[in-house]
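**Student:** Build me a model from this:
(chains A and B)
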Amino acid sequence: MIPVIQSLIDATSAGAVYALAALGIGLVFGVLRLANFANGEIITGAAYALILVWPLSWPLALAASVVVAIALSLLMDLAVFRWMRSQSAASLLIASFGVSILLQRAYEGIFGVNVRTGAVAPALTRSVNVGGLRLSMLAIVAIILAAVLLIAVHFFLTKSRMGLQVQAAAANFREARILGIRSGVMIAVTLGMSGILAAAVAFVLTTQSGAVNPTFGVQATLFGLIGAVIGGLNRIGGALVGGFAVGFALSLFTTWLPSGFGDFRVALVYLLVIVVLLIAPNGIFAGRTAKERT
Amino acid sequence: MTSSRTSRLPLVGWRVPHVVLSLWTLIVPLVVIWVVASAVSNLLPAASIDLGYALATLIIVVAMWSFIGNSGVLSFGHLAFVAVGAWTMSLLTINPSVKSSIMPELAPFLAHASANPYAALLIAGVAGGVTALVSGFALMRLHGLEAGIATFALLMLVLQVLTYWSAVGPKSGQSMTGVPRSFDLQSTLVIALIVVVLAWGYGQSRSARMLRASRENAQAAPASGINITWHRIIAFAISGALAGVGGAMWAQTNRVVQASQFGLDFTFTTIAMLVVGGMLSVWGAVVGSLLISALNHVLGLLENGMHIGAVVISLPSGSRLVVVAAFMVIILIFRPAGITGGREVTWPFRPPDPFLRRGPADPGRDEQEMVMFQTDSGRVG
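**Tutor:** Below is the predicted model:
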């Protein structure tokens, strides 16, 4: 029984991280129709900020990572995506792929190809024993952090005036503009939120690994993007659940696959993704209204 | 576009036959490839290694065009078929004694299999085509972004299997070395030209025309009795087969094959080539891949340090992809339909076509409309 609970807790914390990544991607997609591949480089940028600034002072590092993430997110839009608003979602995806590759090489040029190591929040790497369960502090912190952020995002979107405007813009951008919602502000707010979420992902991942390299954020973004798609890109909640499911499945496979098949855990997740898309081509939670995006 | 059937030569009353007009769209790309390849191999012998890579990549990009260009569905997964082709070629042509030492756990039928290069090339094509056909039955029901992500999942799935399954390759993460160089530049060029002819020929077929109809209007095409899924599967299988051939040519050019080589960077490079040239025409695929390959070559020289007079110009390594990525993004912003505008080469003596579309299906043309959308609504709904 104990190993089962143990693995479920681990899986929940992995799922929480990917859920955050997927939520950031889903939010931006809702408003801009941009499935942002370059979200990974926002995470990487925040991770570099955390690792490099942490030795100086930890509050400063946290602040720096959030600022870097938001700035990168806004800059990308200003430099590239802003000029492509009238283009198809596929073109935007390709462009963000380009931005992602470009930033990866830029990080390589600035920080070098090799990993930069540094202890971020070393206090969290310990684990505690609760009735035979070995709980890593980080897993708990990841779950709490994700829960807090998700609740915050939820309240922001449903209770605040600005959040409702973001939702309106996500539902129908054109109509929202006609009704007097300022699109530029909505886009900036959404990008800012995705930046904060990316910084949170970076915090958990850097604490876990204590190292960062130029392709640091790619994995989380891939799974986040895939999770968002299988959940249903045009439903924010769908993206969230999809991301969680991907992380959860990956972690369970890691724990429970027999040793000979352990190498194929990632392959299995991708296989599962294809199967899910076959059953629900628009994503699990897309509903019936989503047929238009060809 | 092959929409207008005939045209008058100026001053002469003779109508140019339709066959000439459509063959023109094939002959020009072939001649351009041949001239570029001959010029490079004769004038710049130092560049002949890169020329081999350029031709192999050209095959891959043209293969991708035959699906993406005709169907309008984005695929990030074609490198999966390239990898399968490269794998097949390597397994069939590596010297058996070398093979048994680097891949001890190989399945028996693969361990003993060998073929001459041309047969291996064909088998690589078949392997790529069959992989695409099988996965196509599953994937081609999807549309738009979901299709893009699902093909991407396919790529990752195939790469993971090739990386870790030691019955079909080397031990995890290791590479297959000693792939013999089976084709010289001349035959590589001929094979590339044949692939362009095949892709173009497919583009002229009834199935491809129906697919393009579905690309232009996903509602009207099925209403006219076109089974989109079926024609997409056909296109996917054909382009998978051509991509397999491309992978085989790439493997024997590179001579070392490893699953990780077919990852994001390679996917990005080929997609950038297609986007820069113009996704919707075979001419665009050819122009884009030749152009980016040339750019890559020049940047590669600069990375190694180039002497111009007394000045040594050198770029940091890795700047190749930065430049290519920046170039692609700029093209996407300023000329979204690519350099060729997504058109085939047009017969030069054609009177201006009054029916040439300026509508939304042809984004390269409607700059005016785009500006309007930007100022007016921010995006199209």
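
**Student:** Now do the same for B:L91: its pLDDT.
**Tutor:** You'll see B:L91 listed with a pLDDT of 92.

**Student:** Now it: closest residue in space, sequence neighbours ignored.
**Tutor:** B:L110 (5.5 Å; C-beta to C-beta, 6 or more residues apart in numbering or on different chains). All C-beta spots, glycine's among them, are computed from the backbone N, C-alpha and C.

**Student:** And B:A80, by the same measure?
**Tutor:** B:V158 is the one closest to B:A80 (C-beta to C-beta, 6+ apart), at 4.0 Å.

**Student:** Tell me the spacing between that neighbour and A:V273.
**Tutor:** Distance, B:V158 to A:V273, using C-beta to C-beta, to the nearest Å: 13 Å.

**Student:** again, but for B:L154
**Tutor:** Computed as C-beta to C-beta, the B:L154 to A:V273 distance reads 9 Å.

**Student:** Please identify the buried residues of the helix or strand where A:L157 lies?
**Tutor:** Here A:L157 sits within helix A:137-159, counting by DSSP states H and E. Of the residues in helix A:137-159, A:138-143, A:145-146, A:149-150, A:153, A:156-157 count as buried by neighbour count, 16 or more other C-beta atoms under 10 Å in any protein chain shown.

**Student:** Can you tell me which helices and strands it packs against?
**Tutor:** Here helix A:137-159 touches helix A:2-32, helix A:161-171, helix A:183-209, going by 3 or more C-beta pairs under 8 Å, 6 or more residues apart in numbering or on different chains; DSSP states H and E.

**Student:** Do I have it right that A:A106 meets B:V323?
**Tutor:** No. Using C-beta atoms under 8 Å, A:A106 makes no contact with B:V323, being 11.9 Å away.

**Student:** average pLDDT for stretch B:235-244?
**Tutor:** 97.

**Student:** now do stretch B:282-292
**Tutor:** Here the average pLDDT along stretch B:282-292 is 95.

**Student:** Stretch A:177-194 too?
**Tutor:** pLDDT averaged over stretch A:177-194 gives 89.

**Student:** do stretch A:1-21 as well
**Tutor:** Averaged over stretch A:1-21, pLDDT sits at 88.

**Student:** list the buried ones in that stretch?
**Tutor:** Applying a neighbour-count criterion of 16+ other C-beta under 10 Å, the buried positions in stretch A:1-21 are A:6, A:9-21.

**Student:** residue ranges of the strands in chain B, please?
**Tutor:** All strands of chain B, identified by DSSP state E, fall at B:7-8, B:15-16, B:306-308, B:311-313.

**Student:** Identify whichever of the ones you listed lies nearest to A:Y48.
**Tutor:** Between A:Y48 and these, the shortest separation by C-beta to C-beta is 29.1 Å, and it involves strand B:311-313.

**Student:** Just checking: what are the partner strands of that closest one?
**Tutor:** When pairing is defined by DSSP bridges, strand B:311-313 lines up against strand B:306-308 (antiparallel).

**Student:** who's in contact with the partner strand?
**Tutor:** B:V312, B:I313, B:S314 (C-beta atoms under 8 Å, 6 or more residues apart in numbering or on different chains).

**Student:** Can you report phi and psi for the last one?
**Tutor:** So that's B:S314. Backbone geometry at B:S314, expressed as degrees, to the nearest 10, gives phi -140, psi 140.

**Student:** Just the pLDDT at it, thanks.
**Tutor:** pLDDT for B:S314: 73.

**Student:** Would you check how far apart it and chain A are?
**Tutor:** Separation of B:S314 from chain A (C-beta to the nearest C-beta, to the nearest Å) stands at 13 Å.

**Student:** would you turn the buried residues of stretch A:1-21 into a markdown table with distance to B:G148?
**Tutor:** Converted to a markdown table, the buried residues of stretch A:1-21 look like this (distance: C-beta to C-beta, whole Å):
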| residue | distance to B:G148 |
| --- | --- |
| A:Q6 | 37 |
| A:I9 | 34 |
| A:D10 | 31 |
| A:A11 | 28 |
| A:T12 | 30 |
| A:S13 | 29 |
| A:A14 | 25 |
| A:G15 | 24 |
| A:A16 | 26 |
| A:V17 | 24 |
| A:Y18 | 19 |
| A:A19 | 22 |
| A:L20 | 23 |
| A:A21 | 18 |
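
**Student:** which bits of the stretch 151-294 of chain A sit near chain B?
**Tutor:** Contact residues, the stretch 151-294 of chain A versus chain B (C-beta under 8 Å from any C-beta of the partner chain): A:172-174, A:177, A:183, A:218, A:222, A:225-226, A:229, A:233, A:263-264, A:266-267, A:270-271, A:273-274, A:277-278, A:281-283, A:293-294.

**Student:** Looking at stretch B:193-203 now, give me its mean pLDDT.
**Tutor:** 96.

**Student:** which parts of it are buried?
**Tutor:** Using 16+ other C-beta under 10 Å as the test for burial, stretch B:193-203 gives B:L193, B:V195, B:V196, B:L198, B:A199, B:W200, B:Y202, B:G203.

**Student:** give the contact list for the spatially closest residue to A:I42 that is not a sequence neighbour.
**Tutor:** Using C-beta to C-beta, 6+ apart and skipping residues adjacent in sequence, the residue nearest A:I42 is A:A198, 4.2 Å away. Remark: with contacts taken as C-beta under 8 Å, 6+ apart, A:A198 is in contact with A:A21, A:G24, A:N39, A:I42, A:I43, A:A46, A:A69, A:S73, A:G217.

**Student:** ok, and does stretch A:99-119 reach over to chain B?
**Tutor:** Yes. Contact of stretch A:99-119 with chain B (C-beta under 8 Å from any C-beta) involves A:V99, A:I101, A:L102, A:R105, A:A106, A:E108, A:G109.

**Student:** Surely the first one touches B:A326?
**Tutor:** No. Shown here, A:V99 and B:A326 do not form a contact pair, counting by C-beta under 8 Å, at 9.4 Å.

**Student:** Between the two, which is the more surrounded one?
**Tutor:** A:V99 (24 against 17; other C-beta atoms under 10 Å in any protein chain shown).

**Student:** and the residue nearest to B:A80, what pLDDT?
**Tutor:** Predicted confidence (pLDDT) for B:V158: 93.

**Student:** That one: what's it in contact with?
**Tutor:** B:V158 neighbours (C-beta under 8 Å, 6+ apart): B:A80, B:A83, B:V84, B:T131.

**Student:** sorry, back to before: so what's the residue nearest to B:L91 up against?
**Tutor:** Per C-beta under 8 Å, 6+ apart, neighbours of B:L110: B:L91, B:A167, B:V168.

**Student:** quick one: which of those is most hemmed in?
**Tutor:** B:L91 (27 neighbours).

**Student:** Nearest to B:V62, out of the helices and strands packed on helix A:137-159?
**Tutor:** Of all the helices and strands packed on helix A:137-159, helix A:2-32 sits nearest to B:V62, with 31.5 Å by C-beta to C-beta.

**Student:** could you check the angle helix A:183-209 makes with that closest one?
**Tutor:** Calculated by axes from the mean of the first three to the mean of the last three C-alpha atoms, to 10 degrees, helix A:2-32 forms an angle of 160 degrees with helix A:183-209.

**Student:** about what we covered before: distance to chain A added to the buried residues of stretch B:193-203, as JSON lines?
**Tutor:** Putting those into JSON lines (distance: C-beta to the nearest C-beta, whole Å) gives the following:
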{"residue": "B:L193", "distance to chain A": "28"}
{"residue": "B:V195", "distance to chain A": "24"}
{"residue": "B:V196", "distance to chain A": "23"}
{"residue": "B:L198", "distance to chain A": "26"}
{"residue": "B:A199", "distance to chain A": "21"}
{"residue": "B:W200", "distance to chain A": "24"}
{"residue": "B:Y202", "distance to chain A": "22"}
{"residue": "B:G203", "distance to chain A": "20"}
